[in-house]
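Novice: Task: produce atomic coordinates for the following.
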Amino acid sequence: IGGSQRIQIPVRQRGIYIETEQQELSFNATGGSLDLEVLSNTSWIVSSVPAWISVSPINGEGDGKVTVTAQDNPNTASRSGIIHITQSGLSIDIAITVNQAGKTFDVNTTVLNFEDKQGTQTVGILTDGTWIAQTNDAWITLSPLSATGNSMLTVSVAENTNDSERTGQVIVSMGDKTSAISVVQKGKYFTVSNSFLTFTSKGGSLNIAVTSNDAWTAQIENCPAWLHLSSTSGSGNIDVKVTASDNPSVNSRSATIVFQTTHNQNIKVLVTQNARYLTVDTREVLFYSKGATSEAITVSTDGTYSISCSDTWLSVNQSGNTFTVTATENTTTDARIGYIIIALTDLEEGS
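Specialist: Residues are numbered from 1 along each chain as shown. Just a heads-up that it's a prediction; the model follows:
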């Protein structure tokens, strides 16, 4: 009316599409089924799935629902894979990640110790899978040999009629995981209170109670100078004091004490001595440009140590086994890095 106006109306048309409401599906270890919603305006096909996954249906037209089923996962390791939904002749490829948790498996002990008499002990097994127990030692009996879920394994041993201690093994397995249980049974007439001794690097003394109705001798294999026995022979019950000297080293060390009766029963006691240790509860301190003093840092060690700074803009204030770090103001535009060096000073082999 007296003039004209031009109006443009955009017209858009969507192309062929295939979509899913979920990009990821998660299953527990026992498997099961979940629904996958497919949104599409064309035909589609499930072109590939992991070996432990099945789908139904494998194809469709337009919107649809696919039931995804995961098999039971017999292993403790989790697993994952990809489901691909495609259409032949088009570049459309929809990938859906499927994850499945692994089974739980835990055996509550690794060593069972028995007296020389016939005996029975139980081992707790925590799992949501099926486990199997076995042994190659004829004097060990297991019950049950297999079970599903949380259960108890009964380990029985026959009487040991020999003078020597004997050791066997029980293997409990579930899927891809195996747990070994050592079974140790004492022999007749001769026992010692400890089969393992551990000393700190500072050394000291520990007792081994010898119980016997026979004469016995004791010696340290290879005669290391750092280990000493208060008695090397005796008869009947006695406490043998084992003394380790200081180990000012970054290396641990070990020795074996051999007890032997006149009836040729041998018992070995493994003696280990730890190396010096040095740790701090903080490995990095961050300051702003104005500088400051850090919170107290704790040093843990069984040796003698020193603390030093790598740069003059850092200083250390030590109090007992703690210290603080103070940084001066940084008047430059560049960040700077310094180091606090905590070093053992009583080592024979360097710090």
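Novice: Tell me the pLDDT of the closest residue to residue 77 other than its chain neighbours.
Specialist: When the adjacent residues along the chain are set aside, residue 77 lies closest to residue 102, with 4.8 Å between them (C-beta to C-beta, 6 or more residues apart in numbering). Where C-beta positions appear, they are placed from N, C-alpha and C, glycine not excepted. In this prediction, residue 102 carries a pLDDT score of 93.
Novice: Over to residue 189?
Specialist: The predicted structure scores residue 189 at 73 on the pLDDT scale.
Novice: Near it, how many other residues are there?
Specialist: With neighbours defined by other C-beta atoms under 10 Å, the count for residue 189 comes to 16.
Novice: Touching, it and residue 163? I think so.
Specialist: Yes - under the criterion of C-beta atoms under 8 Å, residue 189 makes contact with residue 163 at 5.8 Å.
Novice: where are the low-confidence patches of the chain?
Specialist: Counting by pLDDT under 70, the chain contains low-confidence ranges at 213, 263, 349-351.
Novice: So which residue is dead centre in it?
Specialist: Central residue check for the chain by C-alpha atoms, centre = their mean: the C-alpha nearest the mean position is that of residue 106, 11.7 Å away.
Novice: tell me which element residue 234 falls in.
Specialist: Assigning secondary structure by DSSP states H and E places residue 234 in strand 233-235.
Novice: all strands for the stretch 251-351 of the chain, in order.
Specialist: Using DSSP state E, counting those that start in this stretch, the strands found in the stretch 251-351 of the chain span residues 253-261, 266-273, 278-280, 292-293, 297-301, 305-309, 314-319, 322-327, 340-344.
Novice: Which one, of those, ends up nearest to residue 139?
Specialist: Go through these one by one with C-beta to C-beta and the one that ends up closest to residue 139 is strand 266-273, at 18.5 Å.
Novice: That closest one pairs with which strands?
Specialist: Strands that pair with strand 266-273, judged by DSSP bridges, come out as strand 196-199 (parallel), strand 253-261 (antiparallel).
Novice: for the strand holding residue 234, packing partners?
Specialist: Using 3 or more C-beta pairs under 8 Å, 6 or more residues apart in numbering; DSSP states H and E as the contact criterion, the neighbours of strand 233-235 among helices and strands are strand 215-220.
Novice: Any idea how many residues pack against residue 238?
Specialist: Other residues close to residue 238 by other C-beta under 10 Å number 16.
Novice: ditto for residue 348
Specialist: A count of nearby residues for residue 348, using other C-beta under 10 Å, gives 11.
Novice: can I assume it is in contact with residue 248?
Specialist: Yes - using C-beta under 8 Å, residue 348 and residue 248 qualify as a contacting pair, with a distance of 5.0 Å.
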